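Engineer: Task: produce atomic coordinates for the following.
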Amino acid sequence: MRIEQYLQEKKALIDREIEKIIPRKITEQWLENVLGEARFEYDAETLTKSISEPIWDSLDRGGKRWRPALALLACEGIGGKEEKALPFTPIVELVHEGTICADDIEDDAKERRGKPCTHLIYGIDIALNASNIMYFLPMTIFYTNSKKLSQEKVRRVYDLYVQEMMRVSIGQATDIYWHRGKKAEITEQQYLQMCICKTGVLARFAAKLGAIIGNASKEKTDALARFGESIGVGFQIQDDILELSEGEFAEGKGMVGGDIHEGKRTLMVIHSLKNGSESDKKRLIEILNSHPTEEGVIREAIEIIKKNGSIEYAKKRAEKIVEEAWREIDKRLLKSNAKELLKELAYYSVGRKI
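Structural biologist: Here you go, the predicted structure:
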C-alpha cells in the first residue's frame with residue numbers, strides 16, 4: 001500500500017520536529033528557552049538522563065507515527081500546506097507516547113515493542129514523570145511557533161488539546177475499572193464510547209489539528225474529526241484482535257492474549273459474554289478476573305472467544321465503522337493525493353497485521 005511508504009517517508013520528518021521539542025541531550029539553552037532563566041542553576045545532565053533518555057528510548061523503538069501523519073494529510077486534504085502543519089505534529093505523538101508510558105505502569109506490562117517497558121528500565125518514578133512531561137512539553141510549540149499561527153488558531157488548538165486530554169483520562173479510567181472486574185455487564189455501545197475516549201480522541205485531535213491549520217470550514221473540520229475518531233476506534237479494535245492472534249507467548253505485555261492477562265473487556269469479550277453459553281460466560285469471567293499468566297489458561301479464554309465467532313464479529317464491526325466514516329468524508333473533500341492516502345490510512349487501520 002502507498003500509505004505504508006508515505007508513513008515511512010514522513011516518520012523521519014516528524015521525529016526531527018519532536019527533537020526540536022525534546023532534544024536527545026538537554027542543554028542550558030534549551031532549559032532557558034522552555035522554562036526561563038534559572039534563578040540558581042539547572043542540572044542539564046541529570047535532566048538528560050531522567051527525561052530525554054527514557055522518552056527517546058521509547059520513541060526509537062518504532063511506532064509508525066500515523067497520528068501525526070494523519071494531521072498532515074488532513075491539512076493537505078482540505079487544501080492546506082504540509083509544511084504549516086508539520087511543526088505541530090509533535091503534539092499528537094508526544095501525548096500518545098505519554099499515554100503508552102502511563103498505560104504500561106497501570107497495566108503492569110512487561111514489554112513494549114520488543115523491549116522491557118520504560119518503567120522496568122528506568123524505574124516507575126522516572127517513567128511516571130516522563131509520561132507527565134510528555135503531556136505538557138508539546139505546549140512549548142506555541143513559544144517557538146507563535147508567529148506561524150494566528151492567536152485565534154492558537155486558542156482553538158489549545159482548547160482542543162485540553163478537551164481531548166480530559167477525554168483520554170476519562171477513557172483510561174473507564175478501561176481500568178472494567179478490567180479490574182468492577183462492572184458485571186458492559187454494553188457494546190459503552191465499549192465503543194470508551195474506545196473513542198481512550199484511543200479515538202488522539203486520532204480525532206490529529207485530524208482536527210490539521211484541519212484547523214489548513215483553514216478548513218467548520219463542516220469539514222467536524223467531518224475530519226469524526227473520520228479521525230473512527231480510524232482510532234478501528235485501530236484499537238484491530239489491536240485487540242491482533243492480541244489474540246499474533247506473536248509468541250511470553251509473560252506480560254507483548255504476548256498472545258496480553259489483554260486476557262490484563263482482564264480487559266474488549267469488543268470480542270463483550271460479544272462472547274453476550275452470545276456464549278452460560279458455562280462459557282462464567283469461565284471467561286473467571287479467567288479475566290484472575291489475570292492469568294499461564295499459557296494454557298490464556299489460550300482457553302481465546303478458544304472461548306473464537307468459538308463464539310467474536311473475532312470475526314469484531315473485525316466486521318471495525319470495518320463497518322471505518323467504511324461509514326469514509327463515506328461521510330469522501331463527499332466533502334475534493335479529489336487529491338492526500339484524499340487517496342486518507343482513504344488508504346483508514347482501511348490500513350483495520351487491515352494491518354502488526
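Engineer: what about the stretch 101-250 of the chain, any weak spots by pLDDT?
Structural biologist: By pLDDT under 70, the low-scoring segments of the stretch 101-250 of the chain are 144-147, 246-250.
Engineer: any idea whether the residue of the chain positioned farthest from its centre is helix, strand or coil?
Structural biologist: The centre of the chain is farthest from one residue, residue 40, which by C-alpha atoms, centre = their mean lies 38.5 Å away. Assigned with DSSP: H, G, I helix; E, B strand; the rest coil, residue 40 falls in the coil class.
Engineer: Please point out which parts of the longest helix anywhere in the chain sit buried.
Structural biologist: Across the chain, the longest stretch assigned as helix under DSSP state H is helix 151-179. Applying a neighbour-count criterion of 16 or more other C-beta atoms under 10 Å, one finds 154, 156-157, 160-161, 164-165, 167-168, 170-172, 174-176, 178-179 buried in helix 151-179. Using the backbone N, CA and C atoms, a C-beta is placed for each residue, glycine as well.
Engineer: Going toward the C-terminus from that helix, what's the next helix or strand?
Structural biologist: helix 188-195 (DSSP states H and E).
Engineer: mind checking the SS state of residue 297?
Structural biologist: Under three-state DSSP, residue 297 falls in the helix class.
Engineer: Dihedrals phi and psi, the closest residue to it other than its chain neighbours?
Structural biologist: Nearest residue to residue 297, sequence neighbours excluded (C-beta to C-beta, 6 or more residues apart in numbering): residue 287, at 5.9 Å. The phi and psi values for residue 287, taken as degrees, to the nearest 10, are phi -70, psi -50.
Engineer: didn't residue 287 look like it was pressed against residue 300?
Structural biologist: Yes. In this structure, residue 287 is within contact of residue 300 by C-beta atoms under 8 Å, at 6.6 Å.
Engineer: all strands of this protein, in order?
Structural biologist: For the chain, applying DSSP state E gives strands covering 111-112, 115-116.
Engineer: Mind giving me the packing neighbours of the last one?
Structural biologist: Under the contact criterion of 3 or more C-beta pairs under 8 Å, 6 or more residues apart in numbering; DSSP states H and E, the helices and strands touching strand 115-116 comprise an empty set.
Engineer: quick one: strands adjacent to that strand?
Structural biologist: strand 111-112 (antiparallel) (DSSP bridges).
Engineer: Start and end of stretch 80-90, how far apart?
Structural biologist: End-to-end distance for stretch 80-90, by C-alpha to C-alpha, to the nearest Å: 18 Å.
Engineer: where along the stretch 1-150 of the chain do the helices fall?
Structural biologist: Applying DSSP state H, counting those that start in this stretch to the stretch 1-150 of the chain gives helices spanning 2-21, 28-35, 44-47, 53-59, 66-77, 82-85, 89-106, 118-122, 124-136, 141-144.
Engineer: In space, what's closest to residue 198 - neighbours in sequence excluded?
Structural biologist: That would be residue 171: by C-beta to C-beta, 6+ apart, it lies 3.0 Å from residue 198.
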